[in-house]
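Trainee: 3D, please:
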Amino acid sequence: MMSWSGFTVILAADAAAPEVNPLVQFAPFILMAIMFFVMVWLPKSKDSQKRRAQLAAMKKNDRVYTASGIIGTIANISADGKEVTLKVDDNAKIRVFRQAIEGFYGDSTSPEASPPA
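Mentor: Numbers count the residues shown, from 1 in each chain. Below is the predicted model of the structure:
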């Protein structure tokens with residue numbers, strides 16, 4: 001059985017514990033935020049910059065594929081640059097938003113360009 005004097009000694013020892021720096025307490029959270037930034041945000045930012053550059057470099061007669069899987073050749077780009085007319089077949093043309101184009105068909109980065117395994 002513990003006496004009151006022993007209990008007060010425990011309380012006094014607990015009160016004499018050194019104060020922990022708040023920066024040390026939040027260090028794991030800070031490290032996780034830095035890791036998130038490096039592993040998720042930077043690659044996504046680089047990919048979006050690359051995509052914007054590709055969309056800006058599109059010109060007539062480029063073969064492209066859309067997000068929905070349509071493959072076609074650029075027949076016309078609207079004056080404001082927001083819409084693209086794709087020639088899908090000899091007599092078939094469709095208009096799509098420029099943002100709907102995923103990439104260039106036959107390019108090494110397109111999924112269809114790599115041979116099946």
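Trainee: who does Gly103 bridge with?
Mentor: Here Gly103 sits in beta bridges with Tyr65, going by DSSP bridges.
Trainee: from memory it sits against Thr66, does it?
Mentor: No. Using C-beta atoms under 8 Å as the test, Gly103 is too far from Thr66 to be in contact (9.5 Å). For every residue, glycine as well, the C-beta is placed using N, CA and C.
Trainee: so which residues of this protein form helices?
Mentor: Under the criterion DSSP state H, the chain contains helices at 4-15, 22-25, 27-36, 42-56.
Trainee: mind putting those helices into TSV with mean neighbour count?
Mentor: Listed next are these as TSV, based on neighbours: other C-beta atoms under 10 Å:
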stretch	mean neighbour count
helix 4-15	9
helix 22-25	8
helix 27-36	10
helix 42-56	11
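Trainee: and the ones you listed, which one is worst for confidence?
Mentor: Note on those: helix 4-15 shows the lowest mean pLDDT, a mean of 56.
Trainee: what strands flank the longest strand seen in the chain, and is each parallel or antiparallel?
Mentor: In the chain, assigned by DSSP state E, the strand with the most residues is strand 71-77. Next to strand 71-77 in the sheet, as set by DSSP bridges, lie strand 63-66 (antiparallel), strand 83-87 (antiparallel).
Trainee: would you list those strands in TSV and tack on mean neighbour count and distance to Asp47?
Mentor: Converted to TSV, those look like this (neighbours: other C-beta atoms under 10 Å; distance: least, C-beta to C-beta, whole Å):
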stretch	mean neighbour count	distance to Asp47
strand 63-66	20	17
strand 83-87	19	21
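Trainee: distance to Leu42 for the ones you listed - can I get that in a markdown table?
Mentor: Shown next, in a markdown table, are the strands paired with strand 71-77 (distance: least, C-beta to C-beta, whole Å):
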| stretch | distance to Leu42 |
| --- | --- |
| strand 63-66 | 27 |
| strand 83-87 | 30 |
